[in-house]
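J.: Kindly return the folded structure for what I paste below:
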Amino acid sequence: MKIVIIGGSGLIGSKLAVLLRQAGHEVVAASPSTGVNTLTGEGLREALAGARIVVDVANSPSFADEPALHFFDTAGRNLLAAEAEAGVAHHIALSVVGTDRLLASGYFRAKQRQEELIEASPVPWTIVQATQFFEFVAGIADGSVRDGEVRLSNALIQPMSADDVAAALAVVVGESPARSRIEIAGPEAVPLDALVRRLFAATGDNRPVVTDAEASYFGVQLDDRSLTPGTGPRLGTTRFADWLAQRARA
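T.: Down below sits the predicted model:
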């Protein structure tokens, strides 16, 4: 079966491509570097010819409000129109747990637009909402520096490894379109500030982490529901401590 991965050269897309090829699928890892650009439409028709499933894991190159909205709106419209023309049977999109609770952020408003476009499309769909990745925790810390301190909320977060995200998407590829959202998350919920302290302890980062319940997360005030899934999520198996140990060995 031919499967096209939009964003196929990125963190999740490259891992997913390996899993799907190992399962015997014909995989097209589509990205601007391979001549497929969802913003301009370049190469889309050729890439989607004969495709049964499209998995969209592409992300906006900018988290700023207007560029992110432009990316997800324009790319989403172009991709879904091309899929409808090509007769794609299942559109799978990677989104974020809590998108509808994080709309104070322009980036998450853009992700919400992406989800709305998918829901309105004639192409059968599944939206997979994932919690934050272990690989992004350092970036969250760097974005929370104020006057030399890393100021973070102690709201709960339930992050997961990129490997587990790719594995969960590979499972959804083998399922019928849900026409709904599926939540995926890591095996444990921990306070955000404590998570970053664990990372710093493992990496020797001496920056002070200050617990601040009012600290924003990309412009959003957090509570324990903001970054955690609802009931019945599909859980990955990799714990943060194990992921840190794997990185140390590597």
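
J.: where do the strands sit along this structure?
T.: Defined through DSSP state E, the strands belonging to the chain, from first to last, are 2-6, 26-30, 53-56, 90-96, 125-130, 145-146, 149-152, 156-157, 181-185, 190-191, 209-211, 216-217, 220-221, 234-235.

J.: want to throw these into CSV with distance to Glu115, mean neighbour count and mean pLDDT?
T.: For glycine as for every other residue, the C-beta is placed from the backbone atoms N, C-alpha and C. Formatted as CSV, the entries for these read as follows, by distance: least, C-beta to C-beta, whole Å; neighbours: other C-beta atoms under 10 Å; pLDDT from 0 to 100:
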stretch, distance to Glu115, mean neighbour count, mean pLDDT
strand 2-6, 15, 25, 98
strand 26-30, 21, 22, 98
strand 53-56, 11, 27, 98
strand 90-96, 6, 23, 98
strand 125-130, 6, 24, 98
strand 145-146, 31, 10, 92
strand 149-152, 27, 20, 96
strand 156-157, 21, 24, 98
strand 181-185, 8, 22, 98
strand 190-191, 27, 16, 98
strand 209-211, 32, 17, 97
strand 216-217, 20, 18, 90
strand 220-221, 17, 16, 92
strand 234-235, 18, 17, 98
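
J.: Mind putting the ones you listed into JSON lines with distance to Gly43?
T.: Compiled in JSON lines, those are given as follows (distance: least, C-beta to C-beta, whole Å):
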{"stretch": "strand 2-6", "distance to Gly43": "11"}
{"stretch": "strand 26-30", "distance to Gly43": "7"}
{"stretch": "strand 53-56", "distance to Gly43": "13"}
{"stretch": "strand 90-96", "distance to Gly43": "18"}
{"stretch": "strand 125-130", "distance to Gly43": "22"}
{"stretch": "strand 145-146", "distance to Gly43": "39"}
{"stretch": "strand 149-152", "distance to Gly43": "41"}
{"stretch": "strand 156-157", "distance to Gly43": "37"}
{"stretch": "strand 181-185", "distance to Gly43": "29"}
{"stretch": "strand 190-191", "distance to Gly43": "42"}
{"stretch": "strand 209-211", "distance to Gly43": "44"}
{"stretch": "strand 216-217", "distance to Gly43": "36"}
{"stretch": "strand 220-221", "distance to Gly43": "35"}
{"stretch": "strand 234-235", "distance to Gly43": "32"}
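
J.: Just tell me which of these ends up closest to Leu44.
T.: Taking C-beta to C-beta as the measure, the strands of the chain were each checked against Leu44, and strand 26-30 came out nearest at 8.1 Å.

J.: The closest one pairs with which strands, and in what direction?
T.: Strands that pair with strand 26-30, judged by DSSP bridges, come out as strand 2-6 (parallel).

J.: what's the angle from the partner strand to strand 90-96?
T.: Angle of strand 2-6 versus strand 90-96, following axes from the mean of the first three to the mean of the last three C-alpha atoms, to 10 degrees, is 30 degrees.

J.: who's in contact with strand 2-6?
T.: Under the contact criterion C-beta atoms under 8 Å, 6 or more residues apart in numbering, strand 2-6 has outside partners 13, 16-17, 20, 25-31, 36, 38, 47-48, 50-58, 79, 173.

J.: Distance from that strand to the middle of the chain?
T.: Strand 2-6 sits 17 Å away from the centroid of its parent chain (C-alpha atoms, centre = their mean, to the nearest Å).

J.: for the strands of the chain, which one sits closest to Lys111?
T.: Taking C-beta to C-beta as the criterion, Lys111 comes closest to strand 90-96 out of these, the separation being 5.6 Å.

J.: Any idea which of the strands of the chain gets closest to Asp65?
T.: If we rank the strands of the chain by C-beta to C-beta, the stretch that ends up nearest is strand 220-221, at 12.9 Å.
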